[in-house]
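**Q** With the input below, show me the fold.
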Amino acid sequence: MIPTAKNYDVVIVGGGPGGYAAALYGASAGLSVCVVEKEKVGGTCLHRGCIPAKEFLESAATYRSVVGAKEFGIFSSEPTIDFSITQDRKQKVVDQLWKGLSGLMKGRKIEIIEGTGTYLGDGLVSVSNGEEVVGDSVILASGSVPRTIPGFDIDGETIITSDEVLSMRELPKSVAIIGGGAIGCEFASLMSDLGVAVTIIEALPSLLAGCDKDVADVVIRSFRKRGIAMHTGVSVTGHVLTETGANVFFGDGNSVHVEKVIMSIGRRPYSDNLLGGNAAVKVDQRGFVEVDSLMQTSEAGVYAIGDLVATAQLAHVGFAEAIVAIKTILGEKTLPVDYQNVPWCIYTHPEVAFAGLTEEGAKAAGYDVVVKKDPFGGNSRARIIGETEGLVKIVAERNPDGSGGRILGVHMAGPWVTEQLGMGYLAVNWEANVDEVAAFIQPHPTLSETFGETVIALTGRGLHVG
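**A** As a prediction, the model looks like this:
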C-alpha cells in the first residue's frame with residue numbers, strides 16, 4: 001500500500017469499451033473501481049471509431065434511399081450533401097452516448113481520473129496529472145492506435161487515418177485507401193456512395209481477407225459495379241505530395257492521383273509508456289501484452305484486455321474479455337472467450353456478418369462439410385425493399401446420409417445482415433445441429449427467412465433452396 005495513493009479494489013488503465021465494461025461490471029458486483037482515462041470514456045470506439053463510422057455510413061444509406069426513391073414512385077430533385085451537417089449530427093450522437101455512459105459510471109460510483117496512466121508494479125498506477133492510485137487488482141485496457149507504413153507519415157491533411165476521416169467537414173473529390181480490410185472497405189463504401197472517386201490498394205490477394213470467399217465476392221462485385229477501383233496483391237511503394245493532393249505509387253510502376261490518402265492497414269496496441277518501474281508485465285515484440293485464457297498477465301493481480309492483447313480487435317470482444325477478467329478477480333467460475341466463434345460485422349453496402357468457421361477453414365480443420373447458399377434475390381422482403389444483393393451461406397458438418405449436422409459457420413452478405421446474425425451466432429456457439437435449428441419458425445415476410453430457408457435445405461428437404 002502506498003501511503004499517498006488512494007486504494008481501490010480494481011484500477012483500470014483506459015476507459016474504452018474493454019475498460020468501461022470492466023468498470024461497470026465490477027462496480028455492479030460491489031467492487032470499488034477507478035478508471036484512468038487520458039481523454040473521454042468511451043475510447044476510440046465511441047469517439048473516433050465504430051460509432052462515428054457507422055453514423056456516416058447511415059448518412060450514406062439515407063443518400064442512397066433518396067437517389068433510389070423514384071423506383072417507389074417518389075420523385076424529388078437530385079440530392080446533394082452538406083457533409084458539415086453530417087459531421088454535426090455524428091457529433092451529437094457521440095456526445096449523447098458519451099454523456100449517457102458518463103452518467104452511468106457516475107451512478108455506480110466509479111471514480112474517473114483524467115490523465116495517462118502508467119503501471120509501475122505492485123498495484124501502483126501513476127497518472128500524468130501527478131496523482132497515484134493503487135488497485136488490489138489492475139486491468140490494463142489502453143487500446144490501440146492506427147498503424148502506418150514507412151514513407152507515409154501522417155500529416156493530418158493529405159495523408160490521414162481514420163481519426164481524421166471521422167472529423168472531416170468536407171468530402172474530398174478522390175481518395176486512395178491503403179488497405180482493403182473491414183475498415184478500409186467501410187470507408188470505400190461510404191465515400192463511393194457520396195460521390196467520391198475511390199481507389200483501394202491492398203497487398204493481400206483479395207479484399208476482406210478472413211471472410212468466407214463467397215461473402216467477400218458479394219462486396220467485391222458491388223464495389224466493381226459502383227466504379228470503385230480495386231488493386232489487390234500489390235503494395236504501395238511511395239507517394240509525392242502535390243498542390244492538389246498526392247500521387248500514390250503502387251505495384252509495378254502504377255500510380256494514381258488523389259486529394260487524400262487514407263491509411264487503413266489496421267491498428268497497433270497502444271502500449272507506449274504503459275509500463276514502468278517494477279512492472280513485471282510481459283509485452284511481445286509487436287507491443288501486445290501477453291495474457292492467459294483468463295486475461296491474466298505475467299504479473300499476479302494484473303490483467304489486460306481489448307486491443308492491447310493479440311485477440312480480435314472488436315469492441316464486443318473487449319466487453320467479453322472485461323467480464324472474464326472481473327469474474328476471475330471475484331473468484332467466480334468463468335469460461336474463456338471462444339475467439340474462433342465471435343461474431344463479426346462489417347458495415348459496407350452490402351453488409352457482411354459472420355460467426356464460426358469459413359468453408360475453407362472448416363476443411364482445413366479436418367471437417368467433412370456440407371454447404372448451402374441462399375441468395376437474397378429470392379427473399380420477398382429483400383425484393384420489397386429493393387435490396388437483393390447478397391446471400392446466406394451455412395457450413396455444417398456432414399452426416400453419413402449427406403445432410404447437415406452440427407453448424408460450424410454462418411456467413412452473410414446483404415441487407416441488414418449485421419442485425420440478422422444473432423440466430424447464426426447462437427447456433428454456432430451452442431453447437432446446434434441443423435435439425436434443431438430448422439425446427440424454429442421464421443416470420444414471413446422477413447429478411448431473416450433466408451437463414452431459416454438455408455438451414456432447412458441442409459436437412460436434405462429444402463423448400464425454396466435446393
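**Q** residue boundaries of the helices in the stretch 101-250 of the chain?
**A** Assigned by DSSP state H, counting those that start in this stretch, the stretch 101-250 of the chain shows helices spanning 162-165, 182-193, 213-225.
**Q** now the ones you listed as TSV including distance to Phe250?
**A** All C-beta spots, glycine's among them, are computed from the backbone N, C-alpha and C. Putting the helices of the stretch 101-250 of the chain into TSV (distance: least, Cβ to Cβ, whole Å) gives the following:
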stretch	distance to Phe250
helix 162-165	20
helix 182-193	14
helix 213-225	17
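**Q** Highest mean neighbour count out of the ones you listed?
**A** helix 182-193 (a mean of 24; mean count of other Cβ atoms under 10 Å).
**Q** Mean pLDDT lowest where, among the helices of the stretch 101-250 of the chain?
**A** Among the helices of the stretch 101-250 of the chain, helix 162-165 has the lowest mean pLDDT, at a mean of 94.
**Q** and the protein, what are its domains?
**A** For the chain, automatic domain parsing gives the domain ranges 6-145+268-339, 159-265, 350-458.
**Q** start to end distance for the longest one?
**A** Which is domain 6-145+268-339. End-to-end distance for domain 6-145+268-339: 36 Å, by Cα to Cα, to the nearest Å.
**Q** could you measure Tyr303 against Gly253, distance?
**A** 50 Å (Cβ to Cβ, to the nearest Å).
**Q** Those two: who's more crowded?
**A** Counted by other Cβ atoms under 10 Å, Tyr303 and Gly253 do not tie: Tyr303 has more neighbours, with 29 against 7.
**Q** so that one sits right up against Gly135, yeah?
**A** No: the pair Tyr303 / Gly135 is not scored as a contact, 10.3 Å apart, by Cβ atoms under 8 Å.
**Q** What's the separation between the most centrally placed residue in the chain and Thr80?
**A** Most central in the chain under Cα atoms, centre = their mean is Leu314, positioned 4.5 Å from the mean C-alpha point. Using Cβ to Cβ, Leu314 is found at 35 Å from Thr80.
**Q** dump the residue contacts of the residue lying closest to Thr158 once chain neighbours are set aside.
**A** Residue nearest to Thr158 in three dimensions, not counting chain neighbours: Ala246, with 5.3 Å by Cβ to Cβ, 6 or more residues apart in numbering. Ala246 makes contact with Thr158, Ile159, Ala176, His239, Val240, His257, Val258, Lys260, Val261, according to Cβ atoms under 8 Å, 6 or more residues apart in numbering.
**Q** Tell me what Ala246 is bridged to.
**A** Leu241, Val258 (DSSP bridges).
**Q** Show the pLDDT at it.
**A** Value for Ala246, per-residue pLDDT: 96.
**Q** Apart from its neighbours in sequence, what residue is nearest Gly306?
**A** Per Cβ to Cβ, 6+ apart, closest to Gly306 is Gly18, 3.1 Å.
**Q** pLDDT (mean, whole number) over the strand or helix carrying that neighbour?
**A** Using DSSP states H and E, Gly18 sits in helix 17-28. For helix 17-28, mean pLDDT rounds to 98.
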